[in-house]
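**Q** With the sequence up front, the predicted model follows.
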Amino acid sequence: MIIQGTNQHADVREKADVVIVGTGSGGGTLGAYLADRGWNVVMLEKGGFFRAEDFTQREDEAMAAFNGRRGLDSTIDNAIFLNYAEAVGGCTVHYWGDSFRTPPDRLERWRTGHGLDWMTPAELDPHWDAIEGELGIHITEERLLNENNRLVRAGCEALGIEGAPPPTARVDCIGCGWTQFGCPYNAKTSQLITTIPRVSLAGGRVYSDARVDHIVVENGRAIAVEGTLRNRGTGDERAKIRVDADVVVLAGGALGTADILLRNFPDDRVIGRRFYINPHYFVWADFGREIDNATGIPCAYVVHGFRHVRLDDRARYAGGGYIMLTNHQSPGIAAAMLSSTGADHMEHMKRWHHLGSLMSVIDEENPGRIFLGEDGIRRTEYNVKGVDQHKAVDYLKQASRIFLAAGAKEVWIPDVFGTVVRTEADIASKIGLRSVQPNAQFCAGSHLMGTAPIGTDPAASFADPTGEAHRVKGLYVADGAALPGSVSVDPSLTIMGVARWIAAGIHERSGRAGS
Amino acid sequence: MASLLPAGCSADYPQAQSDGISLATLSPKEYAVVRAAAEALLVGVPVEAKDVAIAIDTELAAVGEPIRSDMKNVLRIIEHFTILSLHRRTFTELDPAARLRYLRGWATSRFAVRRGAFQAIRGFVQYFAYIEPATRTLTGFTGPLLEHVTVPPVRTVDYGEIA
């Protein structure tokens, strides 16, 4: 049953086997796994419940309806735009559907660095096999590569750079181009149309517009959560809700989960201290003619050739440490991403239909943090710094090379200096650290991770390797917050796989597995 | 620091009143700054500056804290820190070309906080301008598919009961 909090007027008291806060990649996956096995599941989602008929493909309406803070959130210095969803289905409502298994080298890092011995392909592959089957994940079809994607591929092939269409979570996609504003065709296999209906049809209750404030702990064990049901339009309180459960799972995303934990465990020294975002810088290429840059799916080609960091013979950074994603942006968002002004900006926007675009997914080494301000409101601090700045510069250069090799007339580094690149000599002379100073150009983060990580060391992790909090029994974290660091690729399938593994452990230890 | 700056009154900043606007959250001064910034930033864009300012006022009322207060602080700082650029007049008293030069000075400032203020006002103004369908004549954007073709969902989803 889907219960929209915005329609409720009476206080709610629920009893469940498990209450899950959050309905995205982690919460949806975990909830469906347990619901399928007979658990009495209640899910609480801060955002609203939207279905195919609610998605208009208009950027302003989508941003306001289901992006966190109406699509206007940023770090405290305004240097990084934070892109996340608040809706039933979580970030899968607006994600592009890229679905990568965690690279084996990253699993190894997490095993050796955080004591997560179970993080092996052998352990996770069965979960990914199941999820990929349930979501119909497959390699993106050629027909969904628009001209921007094909040009990037041509540039990569000309330069001998590794790239490929990504595995994608969609079935029978019509290629409308605006998946980031919700899929009106039920083709993108988001949690909204896969795991959430499974939970509902199995007897679970999924509450939208439900904000959780309090984790009730008795004798060192989480026994319930309390919060409020809210008017979706005004945010005003409609009613109170309390859900008592044997197991409490937080899966509200790296921001939402950290927000709740910071309020409930203000003395904890780990929560919010490792905030990863995979910084996204954008490079635009003017091909001097109209190109199809707005159909298909935004990211139908991924440049993998720079994922690994290269070191020189003195072990200094020499390049790499990121992947690149093709993408396209609607006019309003594109306008906000270009740092030009006045007539220059208008001239840039007149060429919107000429533009190819690449964005970075920087595998950062320096995380930021999440904290509560003096007013009690969640804030984020994140600086692209140190070697991560050098990765960003290397990305700007390599993306420029790819576009020039693909035939672009000129490449725009959308910084406040109006940097334009037309030749290899320009790449060497014009692109440098000044372009990646805070607020020198638009930068975004949409792969939010690591704010309540799992690990063996209670001084460095919030939860143990099973996902259960070190200090509170029965309280689990199973979303991007639980990841110990950057995945180096889109983290959605990693989050789903980890959440399903955590769900399997909860199920096994409950004694229900054999029943 | 922005809280120390004068709030201004509608007599000093009559733009909202002359536009016939009942403001949702911006003060008359803040509205005037947004409007003046839009006049400077949106050269040749087929959207009225006042419509962009109204959209931003409406959005800031809806989005709440901390974004609302952060943006209001930015607006007040931009209005009064013209002295840093050796102007004797406030931002709204400058002509649009001078405002644009002033904002460009913030854009390339060595101080990150000034660049941040620039990006905030620029991003808001340009976003709320280009979400308007009127700009499609400029960008060539033909609008989302749903405006042209009705394609039924490729599958129906059964959620069970919805309350």
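**A** Okay, I see it.

**Q** where does the stretch 51-200 of chain A dip in pLDDT?
**A** Within the stretch 51-200 of chain A, no stretch has pLDDT under 70.

**Q** all helices of it, in order?
**A** A:59-66, A:104-114, A:121-135, A:147-159, A:195-201 (DSSP state H, counting those that start in this stretch).

**Q** between those helices, which one is nearest to residue A:337?
**A** Nearest to residue A:337, of all the helices of the stretch 51-200 of chain A, is helix A:59-66, at 12.1 Å by Cβ to Cβ. (C-beta placed from N, C-alpha, C; glycine too.)

**Q** ok, and what's touching the closest one?
**A** A:47-48, A:50, A:54-56, A:70-72, A:85-87, A:93-94, A:180-182, A:330-333, B:59, B:62, B:131 (Cβ atoms under 8 Å, 6 or more residues apart in numbering or on different chains).

**Q** mind redoing it with 6 Å?
**A** A:47, A:70-71, A:85, A:87, A:93, A:181-182, A:330, A:332-333, B:131 (Cβ atoms under 6 Å, 6 or more residues apart in numbering or on different chains).

**Q** What is the nearest of the residues you listed to residue A:451?
**A** Among these, and counting by Cβ to Cβ, the member closest to residue A:451 is residue A:85, at 16.6 Å.

**Q** How about the closest one: which residues does it bridge to?
**A** residue A:67 (DSSP bridges).

**Q** still on that earlier bit, name the stretch among the helices of the stretch 51-200 of chain A that sits most buried.
**A** helix A:195-201 (a mean of 24; mean count of other Cβ atoms under 10 Å in any protein chain shown).

**Q** Quick one: residues in contact with that helix.
**A** Taking Cβ under 6 Å, 6+ apart as the rule, helix A:195-201 contacts A:1-2, A:28-29, A:31-32, A:35, A:41, A:88, A:206, B:157, B:159-160.

**Q** Mind checking which of those residues are in helices?
**A** Judged by DSSP state H, those include A:28-29, A:31-32, A:35 as members of helices.

**Q** Rebuild the residues you listed as a markdown table, extending it with distance to chain B.
**A** Output for the ones in helices among the contacts of helix A:195-201, formatted as a markdown table (distance: Cβ to the nearest Cβ, whole Å):
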| residue | distance to chain B |
| --- | --- |
| A:28 | 13 |
| A:29 | 17 |
| A:31 | 14 |
| A:32 | 13 |
| A:35 | 12 |
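
**Q** nearest to residue A:508, of the helices of the stretch 51-200 of chain A?
**A** Ranked by Cβ to Cβ, the member of the helices of the stretch 51-200 of chain A that lies closest to residue A:508 is helix A:121-135, at 13.2 Å.

**Q** So among the ones in helices among the contacts of helix A:195-201, which ones count as buried?
**A** The neighbour count (16 or more other Cβ atoms under 10 Å in any protein chain shown) marks A:28-29, A:31-32, A:35 as buried among those.

**Q** Close to chain A: what parts of chain B are there?
**A** B:41, B:43-45, B:63, B:65-67, B:100, B:107-108, B:112, B:115-116, B:119-120, B:123, B:126-127, B:130-131, B:138-141, B:144-146, B:151, B:153-155, B:157, B:159-163 (Cβ under 6 Å from any Cβ of the partner chain).
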